[in-house]
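In: I would like the atomic coordinates for the input below:
(chains A and B)
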Amino acid sequence: MKRTVTFTKEQIVAYADASGDHNPIHLDDDFARSVGLPGVIAHGMLQMGIAGAVAAETAGGGDRLRRLVCRFSGMVVPGDRVTFSADSAGDGKLEIRAVKENGEAVLTKSSAEYV
Amino acid sequence: MTEVSVAGRSYPAVTFQIDREHAAAFARAIGADPGAGVPPTFAAVYSLGATASQLFEDPEAAIDFAKLLHAEQEFAWTRHPQPGETVTSQGRIASDMSRRGMRFVSFETDTKGAGGDEICRSRALFVIRQ
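Out: Predicted coordinates:
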């Protein structure tokens, strides 16, 4: 399975509200710049949430997932278009990828296991 | 190295009720079907999220939140919680190392059901720029 998502500030705010992670690096451009970021960035856990949803679809339902591992390797900012994929690696294993339009991988060494 | 080694430190267990509406809002935020039950990565809330604030607010752990990056995350599930269920999550600092101006903190959380059965184990790797 594969899903392409164009990240928006609204989506990042919705994830902050639903997850309770209100770190200002995700919500406040001025604060984010003050700590050396280009502006607000998406939560790694939002990326993992989308990857987990794609993995759950591929596995035939979220209840079947037994493990999900993500390495957050790149920053995702509003406007970025990212393709998330979960591909069978055999034996109940999935290879997880998330790649920006420019080819930059934002999730690397990421995988899932299901029953 | 950090002044005070906090590796091995455990925090008090936290109880958390899995609310159907909360899980549905989380599902919508990640583009999942809100009618398909509790999303697996809602563990970001009931496991990691329920306990990480204890780490971040621990003055002896001295985590500089503004310089914190979440580098890796793993969830391993024995089963997934149901809406209405009350779970208990307990976090601990599995390791704490500094190298080349970066501090690496591995934070693990065990989440169990009301009967003490295992639900989820979360492992977060935080990198703090020093």
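
In: could you spell out the sheet neighbours of the longest strand along chain A, each with its direction?
Out: For chain A, the strand with the greatest residue count under DSSP state E is strand A:105-114. Strands that pair with strand A:105-114, judged by DSSP bridges, come out as strand A:65-72 (antiparallel), strand A:93-100 (antiparallel).

In: quick check: mean pLDDT across the first one?
Out: Averaged over strand A:65-72, pLDDT sits at 98.

In: what is the neighbour count of B:Y11?
Out: As a burial measure, B:Y11 scores 20 neighbours (other C-beta atoms under 10 Å in any protein chain shown). (Each C-beta comes from the backbone N, C-alpha and C, glycine too.)

In: try A:F7
Out: For A:F7, the number of neighbouring residues by other C-beta under 10 Å comes to 21.

In: that one against A:V82, yeah?
Out: Yes. Taking contact to mean C-beta atoms under 8 Å, the distance of 6.8 Å between A:F7 and A:V82 places them in contact.

In: name the residues contacting each of those two.
Out: A:V76 (C-beta atoms under 8 Å, 6 or more residues apart in numbering or on different chains).

In: what does the helix or strand of chain A with the lowest mean pLDDT rub up against?
Out: None of the helices or strands of chain A scores lower by mean pLDDT, DSSP states H and E than helix A:29-34, at a mean of 95. Contacts with helix A:29-34, where a contact means C-beta under 8 Å, 6+ apart, come from A:24-26, A:38-41.

In: switch the cut-off to 7 Å
Out: A:24-25, A:39-41 (C-beta atoms under 7 Å, 6 or more residues apart in numbering or on different chains).

In: what residues does chain A put near chain B?
Out: Counting by C-beta under 7 Å from any C-beta of the partner chain, chain A comes close to chain B at A:5, A:14-15, A:18-21, A:23, A:35, A:44-46, A:48-50, A:52-53, A:56, A:62-63, A:65-72.

In: ok, which stretches of chain B are helices?
Out: Using DSSP state H, the helices of chain B run over B:20-29, B:43, B:50-56.

In: residues near the closest residue to B:T86 other than its chain neighbours, how many?
Out: Distances taken as C-beta to C-beta, 6 or more residues apart in numbering or on different chains put B:Q17 closest to B:T86, at 5.0 Å, once the chain neighbours are dropped. Neighbourhood size, B:Q17 [other C-beta under 10 Å]: 12.

In: if I look at B:Q17, how far off is B:S47?
Out: For B:Q17, the distance to B:S47 equals 14 Å [C-beta to C-beta, to the nearest Å].

In: likewise A:A18?
Out: Separation of A:A18 from B:S47 (C-beta to C-beta): 15 Å.

In: between these two, which is the more surrounded one?
Out: In this comparison of A:A18 against B:S47, neighbours counted by other C-beta under 10 Å, the higher total goes to B:S47 at 29 against 22.

In: how about the contacts made by that one?
Out: Counting by C-beta under 7 Å, 6+ apart, B:S47 touches B:89, B:109, B:111, B:120, B:122.

In: now chain A against chain B: closest residue?
Out: When distances are taken as C-beta to the nearest C-beta, chain A reaches nearest to chain B at A:G49, 3.4 Å away.
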